[in-house]
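Participant: curious how this folds, go ahead:
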Amino acid sequence: MPFPPRKPILFISYSRADEPELPGESEVRWLSFVVGHLRPADKHGAVEIWLDRLMEGGADWEREIEHKLRACDVFILLVSSHSMASSYVVDKEVAIIRERQGNGEDVHFYPLLLTPTTKIALDAVRDKNLRPRDAKPFSGVSLHERYEKMTAAADEIAEIAVQAAAENIVDAVIAKPFQSFAGETLGFIGVEARTGAADGPQSRLQFRNAEPDGAWMLGMQNQHLGYPLRLNRRVILAAIRLVRAH
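Facilitator: Now for the predicted structure:
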């Protein structure tokens, strides 16, 4: 039975100090600024924006945050002297994303530089290609240029998210025993899954637990000649988890 496509999740990490409730004349509500530019993609169903302010009252906030950190497709870090001094942001949220990337998971780390931040703090995220380009913070440009740069960043984030979704749809899963060439049932569970855009070329993956020691064999077949086979670790792991569940 086909699985419905899952909207890519954008997790926004920020410091509350960068979203003052009653901003002074020179202060900016940076979270609102960023979310406002990402909201159209959410409105049109391309992405799902998640931040801690969306949690319901009484929710286990730490557990919910970690769940979303481990499920998100794009991690957007609002970089400032406040966020980079936050133990929760740096030691919890950023650490989980780097752990996922270290494990080969397909999560994109997207830092946005809000305000001037010390070199030692920026060094912690400089490997992730800061936006705006050349590490020039949003606060250091005119209002018009600020909106232009954030619009460009929002477009890029949406493209990254949509591409992630296109590569990670697992929309057909069949659990079945495999047979040998002679026709006898081997008794091992296998899974077939497809990955790719729902309305575009797709690739078929066939997994089988074909060895007594539990080693997994993977066969891949492209359904469309000339279309590059684009698979990633997350699709494979998702299919294997589904096999094990059966």
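Participant: low-confidence ranges, the protein, go.
Facilitator: Residue ranges of the chain with pLDDT under 70: 1-6, 54-59, 165-246.
Participant: quick one, strands of it?
Facilitator: Remark: strands assigned in the chain by DSSP state E are 9-13, 48-50, 74-79, 108-113, 174-179, 185-195, 203-209, 216-222.
Participant: partner strands of the first one, with direction?
Facilitator: Looking back up the chat, that one is strand 9-13. strand 48-50 (parallel), strand 74-79 (parallel) (DSSP bridges).
Participant: that strand: which residues count as buried?
Facilitator: 9-13 (16 or more other CB atoms under 10 Å). From N, CA and C alone the C-beta is placed, and that goes for glycine too.
Participant: now it - C-alpha only, CSV.
Facilitator: What follows is strand 9-13, C-alpha atoms only, in CSV (Å, rounded to 0.1, in the frame of the first residue of the first chain):
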residue,chain,number,x,y,z
ILE,A,9,10.6,19.3,8.1
LEU,A,10,12.5,22.6,8.7
PHE,A,11,13.7,22.8,12.3
ILE,A,12,14.5,26.3,13.4
SER,A,13,17.0,26.7,16.3
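Participant: from what I can see Leu113 touches Pro132, true?
Facilitator: Yes. Leu113 lies in contact with Pro132 (CB atoms under 8 Å); the separation is 6.6 Å.
Participant: show me what the helix ranked longest in the chain packs onto, helices and strands only.
Facilitator: Taking DSSP state H as the criterion, the chain has its longest helix at helix 143-168. Counting contacts by 3 or more CB pairs under 8 Å, 6 or more residues apart in numbering; DSSP states H and E, helix 143-168 packs against helix 30-43, strand 74-79, strand 108-113, helix 233-245.
Participant: switch to 6 Å and redo it
Facilitator: Applying 3 or more CB pairs under 6 Å, 6 or more residues apart in numbering; DSSP states H and E, one finds that helix 143-168 contacts helix 30-43.
Participant: helices or strands up against the helix it packs on?
Facilitator: Packing contacts for helix 30-43, counted by 3+ CB pairs under 6 Å, 6+ apart, involve helix 143-168.
Participant: tilt between the helix it packs on and strand 108-113?
Facilitator: For helix 143-168 and strand 108-113, the angle between their directions (axes from the mean of the first three to the mean of the last three CA atoms, to 10 degrees) works out to 170 degrees.
Participant: helix 143-168 to helix 30-43, inter-axis angle?
Facilitator: 50 degrees.
Participant: adjust the sequence numbering to begin at 383 for everything that follows.
Facilitator: Yep, numbering from 383; the last one is helix 525-550 now.
Participant: restrict stretch 429-448 to CA atoms and write it as CSV.
Facilitator: In CSV, the C-alpha atoms belonging to stretch 429-448 read as follows (Å, rounded to 0.1, in the frame of the first residue of the first chain):
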residue,chain,number,x,y,z
VAL,A,429,7.6,22.2,3.8
GLU,A,430,6.6,21.9,7.5
ILE,A,431,8.2,24.6,9.7
TRP,A,432,8.8,23.5,13.3
LEU,A,433,10.0,25.5,16.3
ASP,A,434,9.6,25.0,20.0
ARG,A,435,6.8,27.6,20.2
LEU,A,436,4.5,25.2,18.3
MET,A,437,4.5,22.7,21.1
GLU,A,438,1.2,22.2,23.0
GLY,A,439,0.8,23.0,26.6
GLY,A,440,1.8,20.1,28.9
ALA,A,441,4.0,18.5,26.2
ASP,A,442,7.3,16.8,27.2
TRP,A,443,9.2,19.6,25.6
GLU,A,444,12.7,18.1,25.8
ARG,A,445,11.6,14.8,24.3
GLU,A,446,9.6,16.5,21.6
ILE,A,447,12.5,18.8,20.6
GLU,A,448,14.8,15.8,20.4
